[in-house]
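In: Starting from these lines, generate the structure:
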Amino acid sequence: MSDMAFMRTVLFATAIFLLASCDGSPLDGPNQATGLKIGEVTSSSAIVWVRLTRFTDRVSAGAPVPDTLYIHPGTGELVQDPPWPATPEDWVPVVEYPEGATIDSIEGAVPGAPGEARVRSRAGGEGEWRSTPWVSVDPGRDFTHQFFLTDLESATHYEIVTEGRNPGSDKVGSSLDGKFSTAPLPNRPARIVFAATTGQAYPDQDAPGGGFKIYPSILDLEPDFFVHTGDILYYDQWGKSLDLARWGWARIFSLPTNFEFHRQLASYFMKDDHDTLSNDSWPTMQSEFMGEFTFAQGQAVFLEQVPMSEGTYRTFRWGQDLQIWMTENRDYRSANTDPDSPEKTIWGLEQKAWFMESFLASDATFRVLISPTPMLGPYNEGEIDNHTNLDGFYHEGEELRGFLAMHDNVIIVSGDRHYQYVIEHPETGLREYATGPASDAHARGWNPEDVRPEHRYLNVIGGFLTVTVERSDDVPRLIMRHHNVDGDVLNEDMLTLSSE
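Out: The predicted model follows:
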């Protein structure tokens, strides 16, 4: 993190604290301590996520946290650590709160609050503000509400202000500003930059004062949007109930770097196993490991906590030269443990048909498939949660790789892997770029000395990926860059236009 980026984060957090605590301030609550999120941006629309909170800030570090123990299936004793990384199906969790602690007082807690919210917006920092109606936040959805902004101008910078007030009051009790840019129209060439990462684990923070260095580093590059490819948080060891799952979302998005980042940049959110239920999970999996928390609850909480509609697979167009597809790899999958066959699937028939139809219909110069899990190998032996290994979903993987290989100017971006790589598939020539995890402390999972012929780049490190689409002498090109957590470029590939 640069000194300027760090100071920006500190000054912003300080300003929020002072505004919230000064006598006579209009910020009398309800508050917005989990920030705001902007998502699903198109050339004419966006979704703004708002959550009202009881207090101006999160419960500080040093507060107690629950302890998760497990009933040993063999002895019946309470033990601290079951086998890992496997998810032991018959280990039943027991969550113990320190004496006097509740879900609202543990470290990182941000209790929600009833009230009404609205969003004001204007283009280019000029002219009249448009305002949504005041709407009551939903206590059944963790005191959140999502506002759908429509009739926006393409390729335009927007300012927004999210406001909260007490039920029945006419006085604004909290106010938070944000910004985003809409996409250019499909017939307009434009320089577009987006960033992507995966693997954001709360214990692996690396920023002074709390949070992750990648976020100010990404803001320094002034991208057009951000994609989180999944594993936004890790329920496995602590998310044993619906209340604890919501606590996890509040504590990670109230971190200073995350709070600051998401009010300044539109994001597309994807989910994977750890932010749906647990490691390598699927809808019909039978397990007691997650206690009261269920796969269906994980699906619902994700839609509650990020700005998006019910459709979790989707495509977005950014100007003449870029279209992205983001797939859903949890909701429709067969059991991982089923024998591989033509019927075994991660995507499901409906999503697969949608993808192929929309992909064929696209006239974008470059087409980028963003997947929560890898589609190209090599991969660790015995892993069956993705499209790459013979004992997993290899048959469907071959079908999808064959389809993609029929087209030029196609790139795959992958989350899930806790390291960065570029793989060129030896049979199809397809290239896959793994973003790497959000911090160095979370980097693991591959021997850095094990460089295979398919690897064009391999680095067991944290950071992020940026994708740049631009024109040089009116010729489109796509530039893929791997960055470390401070934003330094570690690897760069430039792809020039080829004809089908």
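
In: which stretch of helix or strand covers residue 247?
Out: Taking DSSP states H and E as the definition, residue 247 sits inside helix 242-253.

In: name the helices or strands packed onto that helix?
Out: Helix 242-253 sits against helix 256-262, helix 295-305, with contacts defined as 3 or more CB pairs under 8 Å, 6 or more residues apart in numbering; DSSP states H and E. In this view, the C-beta of every residue, glycine as well, is placed from N, C-alpha and C.

In: closest to residue 149 out of those helices?
Out: helix 256-262 (15.9 Å; CB to CB).

In: Tell me where the model's unsure across this structure.
Out: Filtered on pLDDT under 70, the chain yields the residue ranges 1-27, 498-500.

In: Repeat the analysis, applying 90 as the threshold.
Out: The chain contains residues with pLDDT under 90 at 1-28, 81-87, 124-127, 377-382, 496-500.

In: all helices of it, in order?
Out: Assigned by DSSP state H, the helices in the chain fall at 3-21, 214-220, 242-253, 256-262, 295-305, 349-361, 394-405.

In: okay, those in a markdown table with distance to residue 386 and mean neighbour count next?
Out: Formatted as a markdown table, the helices of the chain follow (distance: least, CB to CB, whole Å; neighbours: other CB atoms under 10 Å):
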| stretch | distance to residue 386 | mean neighbour count |
| --- | --- | --- |
| helix 3-21 | 34 | 15 |
| helix 214-220 | 24 | 24 |
| helix 242-253 | 24 | 22 |
| helix 256-262 | 27 | 24 |
| helix 295-305 | 18 | 19 |
| helix 349-361 | 16 | 14 |
| helix 394-405 | 8 | 18 |
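
In: Among those, which comes closest to residue 419?
Out: helix 214-220 (14.9 Å).

In: where does residue 263 sit relative to residue 450, distance-wise?
Out: 41 Å (CB to CB, to the nearest Å).

In: quick one: contacts for residue 58?
Out: When contacts are counted by CB atoms under 8 Å, 6 or more residues apart in numbering, residue 58 touches 33, 108-110, 250-251, 254.

In: Now do the strands in the stretch 351-500 of the chain.
Out: 366-371, 410-414, 420-424, 431-435, 455-459, 464-472, 475-483, 489-496 (DSSP state E, counting those that start in this stretch).

In: Who does the first one pair with, and is each partner parallel or antiparallel?
Out: As defined by DSSP bridges, the strand partners of strand 366-371 come to strand 322-326 (parallel), strand 410-414 (parallel).

In: Quick one: residues contacting the closest residue to residue 384 other than its chain neighbours.
Out: In this structure, residue 384 finds its nearest non-sequential neighbour in residue 392, 3.7 Å apart by CB to CB, 6 or more residues apart in numbering. Going by CB under 8 Å, 6+ apart, residue 392 touches 336, 340, 383-386.

In: For burial, what's the neighbour tally of the nearest residue to residue 362 once chain neighbours are set aside?
Out: Spatial nearest neighbour of residue 362, excluding adjacent residues (CB to CB, 6+ apart): residue 323 at 5.0 Å. As a burial measure, residue 323 scores 22 neighbours (other CB atoms under 10 Å).

In: Kindly report the same for residue 71.
Out: When neighbours are counted by other CB under 10 Å, residue 71 comes out with 17.

In: ok, now the one 5 residues further on?
Out: Residue 76: 7 surrounding residues under other CB under 10 Å.
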